[in-house]
Every structure is written in structure tokens, then in C-alpha cells.
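> here are the coordinates; sequence isn't available:
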């Protein structure tokens, strides 16, 4: 067989292999291309273009999903309607391991991201701006609250609440937020770690734990190494439903009313270690 024939046969073989593999590769790619998309199969899903929505953006209804925004933006209909990404378990089922991964932006929704009764996963490296609520945490209809989330390296701006709701045994680390009503507001939250966040320049407080009477006791949370400065009312506020929380090495200066406000008389069961601040509500704050 001549060299020319061998070359032609090799070329044809390569083309056959390519044509055989191409449909399989295309079928394996999970792309999101439209508003109102519902994800019902596990795997990695990728946003393929910017979305401008008149209602909800993306609804994740199955466990073990990574949703990559891939640098694109999901824009909503305004801050009185819609959710950018909804991750909601049905009653008591604790939808597991759903992560929304940046880079990418979620903007102009009533809720940027909702985690309802979910276990594992989280939100990483996102810009969540100009929503009424940035990341909203909710219990499901069986009162199962979000658990084991990682909320990390997000930029959250211009919300009523940037990160808000009940949360258990999760980590909120390395986020930055400004021009929100509150940066982090955990009610009925237990065993969480709030680490190294920049909560500066918000309209009410940088960090609130157990702030609302009747919202469930927020207990056993560690608030460590955060910066909460230039907020209009409080840097850090431990409310009437807070108990046995631990503040370590936080920096809180130039907040308009108080840098650290401990609501419980004599600090209750909350502890303080090596926090740097200007003004606190009680001498037991250290």
C-alpha cells in the first residue's frame, strides 16, 4: 500500500472517530439558555448567555448540582418579584449539595438566591447586587433549615439583607458587602462560623446574630476575624435571641451608634476574645 493511500485512510479514520464522538460530547453538556429553566438532573450545569427575566431565573430541583454562571449575568424584573436562583427542598427531604458558582452576577430580583431546607453546597464567587434580599435562607415546610452551606468570596451590595435567615453548621467566609440594610443577619441559627468577612458601610449593621425576638435562638455561632466598620448603627449586634456565641478577633470601628452591641445583660452566655473596637454596650464585651 502506498504512503498516499495510508494517509487517506488515516484521515478518514480520524473523521469517523470525530463524527462518532461529537454527538456524545454535545449531549453531555448541560447548558442553561433561558429564564425559568428547571434543573431536574444532577451534574454540572453552565449558564451559556446573559439572561433578562420577567420572572424567576433558574430553579434547581435535584441534588448534587454545580451551577456555573460562567461570567454571565442573570437580571430580574425588579426588586418586588422573582428569584434569581431557587434551591428549595420539598418537605423534610433536605436537597443535598447544590452549589452556585461564579464568576457571575445576579441582580434586580426580589431574592438573589434562595436556599430553602437544603443540606450542603452553597454560593461562591458571585456578585449579588441590587436585589431586595441577596442570599435568603429559609426552612422548608417541615421546618428543616439550611445546613452545611459554604457562602464564600461573594460581593453583596445594595440589599435590605445581604445574607439572612436561619442556618446551621455552615461557613460564611470572605464575603464583602456594602450599602445593604444588614450584611449578615442570622436568626434561629446554630453552630455556624462567620469568618473574615468585610461588612462595611451598611445602613443598619454589619453582622447581626439572634436579632429578633421570637425568631428562634441563635446559639453556638463563632464570629471571628470580621471587619465591621462605618455602618450607620452597629458593627456587630447580638440580639435578645442570642446565646453561647463566640466573638474572636473582630475589628469594629467608626460605627455610628455602637461598634458592638450585646443585648443580653452581663453578656449572657456569649463570650468575647481579642476583639478590637471603639464603643460597646457593656463592659463585659472584651
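Received the coordinates, thanks. As the structure is a prediction and not an experimental result, all values here were calculated from the model.

> For the rest of this, base every contact and every neighbour count on C-alpha atoms.
Noted.

> which intervals of the chain have sub-threshold pLDDT?
Along the chain, segments meeting pLDDT under 70 span 1-29, 91-93, 212-214.

> would you list every one of the helices in it?
3-28 (DSSP state H).

> Show me how it divides into domains.
The chain is divided into the following domains under automatic domain parsing: 59-144, 160-286.

> Redo those as CSV? Include distance to residue 41.
Output for those, formatted as CSV (distance: least, CA to CA, whole Å):
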stretch, distance to residue 41
domain 59-144, 6
domain 160-286, 25
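
> Out of those, which gets nearest to residue 33?
Proximity to residue 33, assessed across these by CA to CA, is greatest for domain 59-144 (10.7 Å).

> how many other residues sit next to residue 282?
Per other CA atoms under 10 Å, the neighbour tally for residue 282 reads 15.

> circling back: so for residue 48, which of the domains of the chain sits nearest?
Here domain 59-144 is closest among those (CA to CA), at 7.4 Å.

> Quickly list what residue 165 is bridged to.
Per DSSP bridges, the residues bridged to residue 165 are residue 186.

> I'd guessed it sits against residue 146; true?
No. Here residue 165 lies out of contact with residue 146, judged by CA atoms under 8 Å, at a distance of 9.1 Å.

> neighbour-wise, which of these two wins?
Using other CA under 10 Å as the criterion, residue 165 and residue 146 rank with residue 146 on top: 30 against 23.

> Can you report phi and psi for the more buried one?
Main-chain torsions, residue 146, degrees, to the nearest 10: phi -60, psi 140.

> returning to what we had before: find residues that contact each of residue 165 and residue 146.
137, 138 (CA atoms under 8 Å, 6 or more residues apart in numbering).

> Residue 115 reaches residue 137, doesn't it?
Yes. If you go by CA under 8 Å, residue 115 and residue 137 touch, sitting 5.1 Å apart.

> Pull up the overlap in contacts between these two.
residue 146.

> Compare those two (neighbour count), which wins?
residue 115 (28 against 25).

> Would you check how far apart residue 49 and residue 71 are?
9 Å (CA to CA, to the nearest Å).

> what does residue 231 give?
Per CA to CA, residue 231 is found 30 Å from residue 71.

> neighbour count winner among the two?
Set side by side, residue 231 and residue 71 show more neighbours around residue 231, with 31 against 15, by other CA under 10 Å.

> just checking, that one touches residue 205?
Yes. Residue 231 is within contact range of residue 205, at 5.7 Å (criterion: CA under 8 Å).

> buried set for stretch 177-197?
Neighbour counts over stretch 177-197 (16 or more other CA atoms under 10 Å) mark 177-197 as buried.

> Then stretch 248-267?
Residues 248-264, 267 are the ones in stretch 248-267 that count as buried (16+ other CA under 10 Å).

> out of these, which are inside strands?
Using DSSP state E to define strands, the subset of the buried residues of stretch 248-267 located there is 248, 251, 252, 258, 259, 260, 261, 262.

> which residue sits closest to the last one, ignoring its sequence neighbours?
With CA to CA, 6 or more residues apart in numbering as the criterion, residue 262 has its nearest non-adjacent residue at 5.0 Å, and that residue is residue 238.

> Would you agree that neighbour is in contact with residue 261?
Yes. Between residue 238 and residue 261 there is a contact under CA under 8 Å: 6.2 Å.

> Give me the common contacts of these two.
Counting by CA under 8 Å, 6+ apart, nothing touches both residue 238 and residue 261.

> before we move on, the earlier item: the ones in strands among the buried residues of stretch 248-267 into a markdown table, with extra columns for distance to residue 275?
Shown next, in a markdown table, are these (distance: CA to CA, whole Å):
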| residue | distance to residue 275 |
| --- | --- |
| 248 | 6 |
| 251 | 6 |
| 252 | 8 |
| 258 | 14 |
| 259 | 10 |
| 260 | 10 |
| 261 | 13 |
| 262 | 13 |
